[in-house]
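S.K.: Need a 3D model of the following:
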Amino acid sequence: METVAIDPARVTARHWLVLAVATFVAASGSAFVVGIGFLLPHLHTDLGMSLPRAGILVAMPSVGMASALIAWGWLVDRSGEKLVLVAGSVGAALALTAALTTDSYPLLSVFLLLAGAATASGNSASGRLVVGWFPAHRRGLAMGIRQMSQPLGAAVAAMSMPLLAQSHGLRAALAVPLVLAVVSAVAALVVVTDPPHPPVPPRPTGQEAPDAADGSPYRESRHLQRIHVVSVLLVLPQGMLQAFLLVWLVLGHGWSAVSAGVVVTVSQVLGAVARIVAGAVSDRIGSRMRPLRGVAISVTAGLAALAAAEALGAPGVVAVTLAVVASVLSVSDNGLAFTAVAEYAGSRWSGRALGVQNTSQFVTISAVTPLVAAVIERVGYWPVFAGAAVVAALAIPLVPGADRRRV
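M.R.: Numbers count the residues shown, from 1 in each chain. Predicted coordinates for the structure are as follows:
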């Protein structure tokens, strides 16, 4: 594993360059996983697929990513960040290249699944790079920048993949994440250097080797488990707003799809900025838990206000403004929780812990989104907004009372 010395009190241009590459790799994966969803109209209308068949294709990258996150986390704990980033990007490029060469629906599904599994490598490895290369007083800001990858990747996909699919077909659209994967592999190979990790302490002669769970931070306390649960509770409002904000604007308030798309894009951009601001605040006050609790309180209040506005028939501009505010607040906890998980898990477990963090949120959103859609169809939007406020409120007392770090 390649390592170089690090001054724990100094952040250099090299560190910011590594962060930029890590963010780019993660954004490339997001562009693929999110971008496939933007191709659903093309698959259904232009290629003549039924909605269920097209939906399966759209879901394959997400299923692949969710299934591989913890495995990639285990590998990054064992082999280092650079190897994982390069291997995952190369694997994604190979799977996407194979997808471009087939007209078989089953094979296309398999290749999209494999590409999704490969792109999962960027999540845990890029998070570990932030903790490894940035000192504690800069990690919140750095992780906030890293967490911009999802909205940035989604923006790139939204601006390119549907247009290419419409004008040049599915293969042209899939070429976008393929090119991003190739660039990611090269950039990670050239730029990324593994941060130093503490040496494994020698074991007394004759003592049996520890099992795989030895030293697990999950055994020492319930600190990580509480952060995972808080993150799952807060990701539910986030996923609900991301999935249904555009539909609510179009069907609930009569907006055009173009105007609604502008609002959603603005919300994504502001959400990315909010992650950076939250991280910078956590660095300044020296705590991840205090701002995390503040986010949970703010999300609860924002969703409650949105539910009240929708139920009382408030003017559209009021309801939409509250929806944008709630959307921005709902994503601002991501970097805080990620940083706290990696800091407490330590260098030998942070890959797996971040994998658990990602997987739990990913599975939760995937499972709950169809249920939310069914509830909206039956009772409307304001009860869903109110229910999301209750879920966010449940997270407030579960936020750990104090920060705990092992790195």
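S.K.: low-scoring stretches of the stretch 101-250 of the chain, by residue?
M.R.: 197-215 (pLDDT under 70).
S.K.: Helices along that one, start to end?
M.R.: Along the stretch 101-250 of the chain, the segments classed as helices by DSSP state H, counting those that start in this stretch run 105-119, 121-133, 136-146, 149-168, 170-191, 217-220, 223-247.
S.K.: what's the angle between the last one and helix 149-168?
M.R.: Here helix 223-247 runs at an angle of 40 degrees relative to helix 149-168 (axes from the mean of the first three to the mean of the last three CA atoms, to 10 degrees).
S.K.: what residues are up against residue 388?
M.R.: Applying CB atoms under 8 Å, 6 or more residues apart in numbering, we find residue 388 in contact with 236, 237, 240, 241, 303. All C-beta spots, glycine's among them, are computed from the backbone N, C-alpha and C.
S.K.: Hmm, the third one is touching residue 381, no?
M.R.: No. Applying CB atoms under 8 Å as the test, residue 240 and residue 381 come out as separate, 10.0 Å apart.
S.K.: Just give me the neighbour total for the closest residue to residue 192 other than its chain neighbours.
M.R.: If the residues on either side of it in the chain are set aside, residue 192 comes closest to residue 82, at 4.6 Å by CB to CB, 6 or more residues apart in numbering. When neighbours are defined as other CB atoms under 10 Å, residue 82 has 22 of them.
S.K.: what does residue 348 give?
M.R.: 18.
S.K.: secondary structure element for it?
M.R.: For residue 348, there is no enclosing helix or strand under DSSP states H and E.
S.K.: Name the nearest residue to it, ignoring sequence neighbours.
M.R.: residue 77 (5.9 Å).
S.K.: Look up how far residue 66 lies from the one you found.
M.R.: Distance from residue 77 to residue 66, counting by CB to CB, to the nearest Å: 19 Å.
S.K.: neighbour-wise, which of these two wins?
M.R.: Neighbour comparison, residue 77 and residue 66: the larger count goes to residue 77, with 24 against 21 (by other CB under 10 Å).
S.K.: Could you grab the helix/strand/coil label for the more buried one?
M.R.: helix (DSSP: H, G, I helix; E, B strand; the rest coil).
S.K.: wait, the residue nearest to residue 348 sits on residue 353?
M.R.: No. Applying CB under 8 Å as the test, residue 77 and residue 353 come out as separate, 9.1 Å apart.
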